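S.K.: return atomic coordinates for the entry below.
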Amino acid sequence: VQLQASGGGLVQAGGSLRLSCAASGSSITVNNMGWYRQAPGKQRELIALITARGTINYADSVKGRFTISRDNAKNTGYLQMNSLKPEDTAVYYCNADVWINYNSRANLNNYWGQGTQVTVSS
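M.R.: A predicted model of the protein is given here:
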């Protein structure tokens with residue numbers, strides 16, 4: 001199973017970016033999916049989470065500006081980021097719990113994407 005994150009880049013303050021996280025593999029079902037970020041010199045923090053049933057939670061720092069969503073048919077999650085601020089500059093990572101179905105058994109494992117850089121200029 002691989003998680004492929006994409007969509008980062010350089011944007012001016014007030015701008016928008018949309019991140020994608022695609023899970024690939026055989027006989028998989030994505031359970032919970034989250035977006036984390038890590039700024040230089042800081043710990044990685046969870047900023048948005050969407051469960052398999054669609055329950056959503058946001059960190060206070062992004063609430064009202066970021067929107068997490070998912071397309072279960074594509075095993076893909078998204079993070080729409082609006083009204084970006086310089087303090088949003090970080091490497092963004094997706095993380096997911098993924099069911100792997102094999103021989104009538106299902107195993108749940110956790111995976112990280114490779115990270116995508118988001119830089120917001122003032």
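S.K.: any idea how far the lowest-mean-pLDDT helix or strand in the chain is from the middle of the chain?
M.R.: Lowest by mean pLDDT, DSSP states H and E among the helices and strands of the chain is strand 105-112, with a mean of 93. On the basis of C-alpha atoms, centre = their mean, to the nearest Å, strand 105-112 sits 17 Å off its chain's mean C-alpha point.
S.K.: only C-alpha atoms, please: export the helix or strand where Gln117 lies in PDB.
M.R.: Using DSSP states H and E, the element containing Gln117 is strand 116-121. The C-alpha coordinates for strand 116-121 follow below in PDB (Å, rounded to 0.1, in the frame of the first residue of the first chain):
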ATOM      1  CA  THR A 116       4.400  17.800   0.100                       C
ATOM      2  CA  GLN A 117       5.800  21.300   0.700                       C
ATOM      3  CA  VAL A 118       3.500  24.200   1.100                       C
ATOM      4  CA  THR A 119       5.100  27.600   1.200                       C
ATOM      5  CA  VAL A 120       3.000  30.800   1.800                       C
ATOM      6  CA  SER A 121       4.700  34.100   1.100                       C
END
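S.K.: just checking: what are the partner strands of that strand?
M.R.: strand 9-12 (parallel), strand 90-102 (antiparallel) (DSSP bridges).
S.K.: same question for the last one, mean pLDDT?
M.R.: Strand 90-102 comes out with an average pLDDT of 95.
S.K.: centre of the chain to it, how far?
M.R.: That offset, for strand 90-102, works out to 8 Å (C-alpha atoms, centre = their mean).
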